[in-house]
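Colleague: What shape does this take:
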Amino acid sequence: MLAILISACSLPAEPTEAVVDNSLMLTTDAFAHGASIPAKYTCIGKDISPALAWGEPPAGTQSFALIMDDPGASWAHWVLYNIPPETRSLAEALPVTGKNVPEGQGSPFAGKNSWGNIGYGGPCPPSGVHRYHFKLYALDETVGLLPGADKGELLKAMEGHILAQGELVGTFSK
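Modeller: The predicted model follows:
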């Protein structure tokens, strides 16, 4: 009798709602997912942001946010938010301030990285190989933050508003 109860309890439950695909494909021509980030995009090179691209977001997307961080070191390298919903790419070497998308598409806000600077700060690990995560979020609103917010402030502002997300990972060591 006990074996029958265990078998019955271990059966998968019937789905009660449709599964929604909440992923965005985030890509770059600079490196393959999981591969080494070229020095050009790091502190030993030009320290410029790589070009990024993504596909169509889910219906209802009102803005995008991007966070590049090194979770192993708890270090934010790049924070962007209120990227217009029609945007599908970011150019290489985005300016630190000013318009980061083509004229007419609005201007996302650049946040503060862990160095305390506005804009991109490339990989610069003190030792060993580190993993860098570029995370793109499709949001159902624009976030109510002023320019210069940090990663923690952005994550808090995004709570309950993420429709989809995509991630690209690269590695680097000096």
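Colleague: wait, what's in contact with the spatially most central residue of the chain?
Modeller: For the chain, the residue nearest the mean C-alpha position is Lys135 (1.7 Å; C-alpha atoms, centre = their mean). For Lys135, the contact set (C-beta atoms under 8 Å, 6 or more residues apart in numbering) comprises Leu26, Leu66, Ile67, Met68, Asp69, Gln165, Gly166, Glu167. (C-beta placed from N, C-alpha, C; glycine too.)
Colleague: Would you mark the buried spots in the helix or strand harbouring the fifth one?
Modeller: Assigned by DSSP states H and E, Asp69 belongs to strand 63-70. By 16 or more other C-beta atoms under 10 Å, the buried positions in strand 63-70 come out as Ser63, Phe64, Ala65, Leu66, Ile67, Met68, Asp69, Asp70.
Colleague: I'd say the first one and Glu86 touch.
Modeller: If I follow you right, that is Ser63. No - using C-beta atoms under 8 Å, Ser63 makes no contact with Glu86, being 10.3 Å away.
Colleague: hang on, the earlier thing: which one of the contacts of Lys135 is nearest Leu52?
Modeller: Closest approach to Leu52 among the contacts of Lys135 (C-beta to C-beta): Leu26, at 6.3 Å.
Colleague: Now that closest one. Nearest residue, chain neighbours left out?
Modeller: Take Leu26 and drop its neighbours on the chain: the residue closest to it by C-beta to C-beta, 6 or more residues apart in numbering is Gly166, 3.7 Å away.
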